[in-house]
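Engineer: Give me a model of this one.
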Amino acid sequence: MLQVPTIAELRRHVGEARRQGKRIGFVPTMGYLHDGHLSLVKKARETCDFVVMSIFVNPLQFGPNEDFERYPRDIERDRELARSAGVDLLFTPSVEEMYPRQVLTTVSVAQVSEPLCGQSRPGHFDGVATVVLKLFHIVQPDAAFFGQKDAQQLAVISQMVEDLSVPVEIVPCPIVREPDGLAMSSRNVYLNPEERRQATVLYRSLKQAEAWLKEGVPLDEIKERMAAMITAEPLAEIDYVEVLTYPRLTPVDTASPGQRLIFALAVRFGRTRLIDNMMVTV
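Structural biologist: Have a look, this model is predicted:
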């Protein structure tokens, strides 16, 4: 596995692979890798000949009171995990490499960026869309792989790619969970043992919501039941519990046959904000 810190080096190696007729797969990450990230690499290896992974903690997507400085980082560990997973090229740029001067151009995707995390994290998805489009221009992949745990991010990026005719296939990949159901996340390391135990209510509430939907429980009542289930855990502080259409993320009052919905939630346990979701077709 090659590791390069500069855009010029990355372009040189990816260019060589492309001249050899190889299909380029791309897995963008912020590092502190876990099995969820590695599942994206596995999926990329199935359909691509040359897999690029980026590790870059993007300051543009963190608000002034968020955890940019304390976001977990361990590049030595990540390098070994990436190598063992089958990454061909690991791109590890510095902030100065990605943003050598003040950024005056940003990408904003309307509507799908506004509900859910967009309400409590203003500007977050502008930062996400900007860095992902920049990475797409740098790597120029044939396909890029994103986990469905960050379902709103996936919707934002898919909309951006469609609207701007970016020549890359966006490949959604299933959520990877711990044995007790907690969705894998780099932020899980922030949880103390009791917070970690109580956080399993997130997946349990989503599974219960799916069952309630099949029973014909109205969507508003499902949201209320989910919220009550979550707040029964004393350390849980709800940011949102929502049911929306997917991928447009529009409000919905009544489920219709054939409709694709997302049950989405964000909940804090102590200082750690966790998100999770479940997509269902009615």
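
Engineer: Going by C-alpha atoms from here, please, whenever you check contacts or count neighbours.
Structural biologist: Fine.

Engineer: what mean pLDDT would you report for the helix or strand residue 51 falls within?
Structural biologist: Per DSSP states H and E, residue 51 falls inside strand 50-55. The average pLDDT within strand 50-55 is 98.

Engineer: Give the other helices and strands that that strand contacts.
Structural biologist: Contacts defined by 3 or more C-alpha pairs under 8 Å, 6 or more residues apart in numbering; DSSP states H and E place strand 50-55 against strand 24-29, helix 35-47, strand 89-91.

Engineer: And the next helix or strand after the last one, what's buried?
Structural biologist: Beyond strand 89-91 on the C-terminal side, the first helix or strand identified by DSSP H and E is helix 95-98. Within helix 95-98, the residues that qualify as buried are residue 98, counting by 16 or more other C-alpha atoms under 10 Å.

Engineer: How about stretch 128-148?
Structural biologist: 128-133, 135-136, 139-148.

Engineer: Next step: the residues you listed restricted to helices.
Structural biologist: 128, 129, 130, 131, 132, 133, 135, 136, 139 (DSSP state H).

Engineer: Please identify which of the residues you listed is nearest to residue 195.
Structural biologist: Relative to residue 195, the closest of those is residue 128; by C-alpha to C-alpha it sits at 27.8 Å.

Engineer: quick one: contacts for residue 156?
Structural biologist: 109, 112, 113, 125, 129 (C-alpha atoms under 8 Å, 6 or more residues apart in numbering).

Engineer: again, only using 7 Å
Structural biologist: When contacts are counted by C-alpha atoms under 7 Å, 6 or more residues apart in numbering, residue 156 touches 109, 112, 113.

Engineer: Do I have it right that residue 200 meets residue 178?
Structural biologist: No. With contact defined as C-alpha atoms under 7 Å, residue 200 does not reach residue 178; the gap is 9.5 Å.

Engineer: Now flag whichever of the ones in helices among the buried residues of stretch 128-148 is closest to residue 186.
Structural biologist: residue 128 (16.7 Å).

Engineer: check contacts around the closest residue to the closest one other than its chain neighbours.
Structural biologist: Sequence neighbours aside, residue 61 is the residue nearest to residue 128 in space, at 5.7 Å (criterion: C-alpha to C-alpha, 6 or more residues apart in numbering). Neighbouring residues of residue 61 by C-alpha under 7 Å, 6+ apart: 123, 124, 125, 127, 128.

Engineer: same deal with residue 201?
Structural biologist: Taking C-alpha under 7 Å, 6+ apart, we find residue 201 in contact with residue 230.

Engineer: Could you do residue 264 as well?
Structural biologist: 241, 242, 243, 276, 277, 278.

Engineer: in the sheet, who's paired with it?
Structural biologist: residue 242, residue 277 (DSSP bridges).

Engineer: Point to the residue nearest the middle of the chain.
Structural biologist: residue 150 (3.3 Å; C-alpha atoms, centre = their mean).

Engineer: what are the ranges of the strands in the stretch 101-250 of the chain?
Structural biologist: In the stretch 101-250 of the chain, the strands defined using DSSP state E, counting those that start in this stretch lie at 143-147, 169-173, 236-245.

Engineer: What would the last one look like as PDB? C-alpha coordinates only.
Structural biologist: This points to strand 236-245. C-alpha atoms of strand 236-245 as PDB (Å, rounded to 0.1, in the frame of the first residue of the first chain):
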ATOM      1  CA  ALA A 236     -30.200  10.000  26.800                       C
ATOM      2  CA  GLU A 237     -30.800  13.600  25.600                       C
ATOM      3  CA  ILE A 238     -32.700  13.600  22.300                       C
ATOM      4  CA  ASP A 239     -31.700  16.000  19.500                       C
ATOM      5  CA  TYR A 240     -34.300  14.600  17.100                       C
ATOM      6  CA  VAL A 241     -36.500  11.600  16.300                       C
ATOM      7  CA  GLU A 242     -38.000  11.900  12.800                       C
ATOM      8  CA  VAL A 243     -39.700  10.000  10.100                       C
ATOM      9  CA  LEU A 244     -39.100  11.400   6.600                       C
ATOM     10  CA  THR A 245     -39.200  10.300   2.900                       C
END
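
Engineer: coming back round to it: can you list the ones in helices among the buried residues of stretch 128-148 in TSV and add distance to residue 50?
Structural biologist: Below are those laid out as TSV (distance: C-alpha to C-alpha, whole Å):
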residue	distance to residue 50
128	24
129	24
130	24
131	21
132	19
133	20
135	16
136	15
139	11
